[in-house]
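Participant: let me see the structure of the following:
(one chain, ligands or ions: 1)
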Amino acid sequence: MSDMGAQIRGLGDQLRWAAEIRPPHLGTHSEVLFAGMGGSGIAGDYAAAIASANTTRLVVQKGYGPLPTWATRQRPLVIAASYSGNTEETLDLALSSHEKGLPVAVVTTGGKLAEMGRERSWPAVMVPAGLQPRAAVGHMVGATLKLLEGAHAIDDQRFALVEAADLVDATVAEGGRRWEEARAIATRLVGRICIIYAGGPITSPVAQRWKTQVNENAKMPAWWSLLPELDHNEITGWETLPELTSQSLGIVALVDRSDHPRIRARLAHTARLTQDAVPWVAEIASEGTSPLARLMSLTAVGDLVSWMLAEAAGVDPVPVATIERLKELLAEDHS
Ligand code: F6R
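Facilitator: Got it, this is the predicted structure:
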């Protein structure tokens, strides 16, 4: 497996790969249930942001079955996405959906999910293997969008995929403007726990991606919180420990042109009211036109920041030994 820097630099090509996929025929669906965890699950969050700009309701379920009651009644298309194909929560939900007679389609590299799908004739988009699941986000999102196209649930995403690919390439080019922005953010975050604030349909799922990339690449805690909700609780949480929080935490705010104007106002006021207790390290704006390009432009910056934080901490960003160990322990429970 190549190093994480190379995997991040390959993100644009992953999106270009997806642009060439011919969507399978899946009938017509305006309701979709997406099952996936971690680096695969984020593809569902991004697809939901794109689906909501169409007229499709896409609900992401990160966990085991049972199916939510609305799904047994509305009979959505179920997309089960697992890079490895062996994630037990995703397999569980795919199987319970099938048992209830719901149509299932899969995105995977292989594993048990591919096997289950072959036995039951589920339509599949097979993605190339060999990466960390979280580093294959371009493949996973792109393949999910192609399934949604095949279900007439969203518009043709080919141009959006190419736009996103070009933007990602420009972002991850070493020494470029966005790369330097990422470097400046990472430099200010060294030795701090990163908290990501966002509050729009594009920025909210990316805030989660930033958090999980810092966790898995830099092996550091990180959190994300969303506006306007955080203004009704978390904002008071900065009052009691300013000596501690000002030394050990840092906030990054993500913004996009689809943010409600009151969200922008709230960000500015929230920063003013909390800046003595926590440094506001940066506000970073999406680039691009299509929702996918805007999602992926912010994603690429976050991926770079997490990789740079790993480098600064002297840790290898690729392996996720604790996740692997946990999966082994869970597998032993069955033996
Ligand atoms: C590891 C990673 C994890 C996995 C998760 C689910 O790089 O990103 O969050 O994505 O453990 O595994 P898969 O994606 O194989 O279903």
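Participant: for the residue in the chain that the ligand sits nearest to, list the residues it contacts.
Facilitator: Across the chain, the shortest distance to the ligand (C-beta to the nearest ligand atom) belongs to Gly38, at 2.2 Å. Yep, even glycine has a C-beta here, placed from its N, CA and C like the rest. When contacts are counted by C-beta atoms under 8 Å, 6 or more residues apart in numbering, Gly38 is found next to Thr87, Pro133, Arg134, Thr212, Ile323.
Participant: host element of the last one?
Facilitator: What it means is Ile323. Using DSSP states H and E, Ile323 maps to helix 321-334.
Participant: same check on the fourth one?
Facilitator: When elements are assigned from DSSP H and E, Thr212 belongs to helix 203-218.
Participant: mean confidence for that helix?
Facilitator: Helix 203-218 carries an average pLDDT of 98.
Participant: how far does it sit from its chain's centre?
Facilitator: With C-alpha atoms, centre = their mean, to the nearest Å as the basis, helix 203-218 stands 7 Å off its chain's centre.
Participant: counting contacts, what elements does it pack onto?
Facilitator: helix 38-53, strand 193-198, strand 222-226, strand 249-255, helix 291-313 (3 or more C-beta pairs under 8 Å, 6 or more residues apart in numbering; DSSP states H and E).
Participant: got the CA positions of the fourth one in PDB?
Facilitator: Which is strand 249-255. Output of strand 249-255 as PDB, limited to C-alpha atoms (Å, rounded to 0.1, in the frame of the first residue of the first chain):
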ATOM      1  CA  LEU A 249      -7.700  23.400  21.600                       C
ATOM      2  CA  GLY A 250      -8.200  25.100  18.300                       C
ATOM      3  CA  ILE A 251     -11.200  25.800  16.100                       C
ATOM      4  CA  VAL A 252     -11.400  25.500  12.300                       C
ATOM      5  CA  ALA A 253     -14.600  26.900  10.700                       C
ATOM      6  CA  LEU A 254     -15.800  25.600   7.300                       C
ATOM      7  CA  VAL A 255     -17.900  27.800   5.100                       C
END
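Participant: neighbouring strands for that strand, and are they parallel or not?
Facilitator: Strand 249-255 pairs in its sheet with strand 193-198 (parallel), strand 280-285 (parallel), by DSSP bridges.
Participant: just put these in a markdown table and tack on mean neighbour count, distance to Trp224 and mean pLDDT.
Facilitator: Below are the strands paired with strand 249-255 laid out as a markdown table (neighbours: other C-beta atoms under 10 Å; distance: least, C-beta to C-beta, whole Å; pLDDT from 0 to 100):
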| stretch | mean neighbour count | distance to Trp224 | mean pLDDT |
| --- | --- | --- | --- |
| strand 193-198 | 24 | 4 | 98 |
| strand 280-285 | 19 | 13 | 98 |
